[in-house]
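Asks: Pasting the sequence and the predicted coordinates here, then a few questions.
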Amino acid sequence: MNHQDLSTLNEIVAEFDQSTPITHQAVQRWMETHDIEAMGALMSLLADDKHSQRIEPAVTFEEYFPFATRYYERNLLENPDGEWSDSRTTAGFDCSRMFIQLWEDRPAYDREITQLKSLFKRLCEEGNEEFRSNFVIAVLEHLFQTGEIADYFSDWQNNSLLDAAYTEARMLADMRHRRHERDTAGSPD
């Protein structure tokens, strides 16, 4: 980590103790960092309404999405789990949650959904077997709990490498769904 990255991290972390406005220009500059810890601190800041509302003018989705995607990709690949950065598991859960939120507002976010699907495909194709197995549990299993999303990925069945990930994720999502139904069937409303 170079001096500028440490400075960026310190600037972002200092904002958690402030209540004054944050300039949009500062956030744009912070989004350019390559330091995974600074990226994680910024994601935390942006996710906290108390602090994200202080940004003037507000960060747009068009600015946020590429940054968040780059952050999640780094976490999924590197599994850093630092003080501010997320592990592969927590980043995968957050990334799948973002995908699901975008999915709920289709077709407004079709382009972003397609970009995420392409990212997931590339990560699975380039990763080793251990990475794919972790990716299934961290991302795909959560996505595939929504049947329409699982169907959206059904073209993965045409690729032997992706088919294994697709099949495993579908099985895990189905098992989770059946367990949930079993657990709630006996409980009073």
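Replies: Right, received. Where do you want to start?

Asks: only C-alpha atoms for contact and neighbour calcs from this point on.
Replies: Noted.

Asks: Helices along this protein, start to end?
Replies: In the chain, the helices defined using DSSP state H lie at 3-14, 24-31, 36-47, 49-52, 61-78, 88-103, 110-126, 129-135, 141-143, 147-152, 160-185.

Asks: Give me whichever of these is most buried.
Replies: Across the helices of the chain, averaging neighbours per residue (mean count of other Cα atoms under 10 Å) puts helix 141-143 on top, at a mean of 24.

Asks: circling back: what would the helices of the chain look like in TSV with mean pLDDT?
Replies: Shown next, in TSV, are those (pLDDT from 0 to 100):
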stretch	mean pLDDT
helix 3-14	82
helix 24-31	97
helix 36-47	98
helix 49-52	96
helix 61-78	97
helix 88-103	97
helix 110-126	97
helix 129-135	95
helix 141-143	96
helix 147-152	97
helix 160-185	90
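
Asks: so how far is residue 117 from the most centrally placed residue in the chain?
Replies: The C-alpha lying nearest the average C-alpha coordinate of the chain belongs to residue 95 (Cα atoms, centre = their mean; 1.9 Å). Distance of residue 95 to residue 117, given as Cα to Cα, to the nearest Å: 11 Å.

Asks: Same question for residue 16.
Replies: 33 Å.

Asks: swap in residue 66?
Replies: Plainly put, residue 66 is 14 Å away from residue 117 if you go by Cα to Cα.
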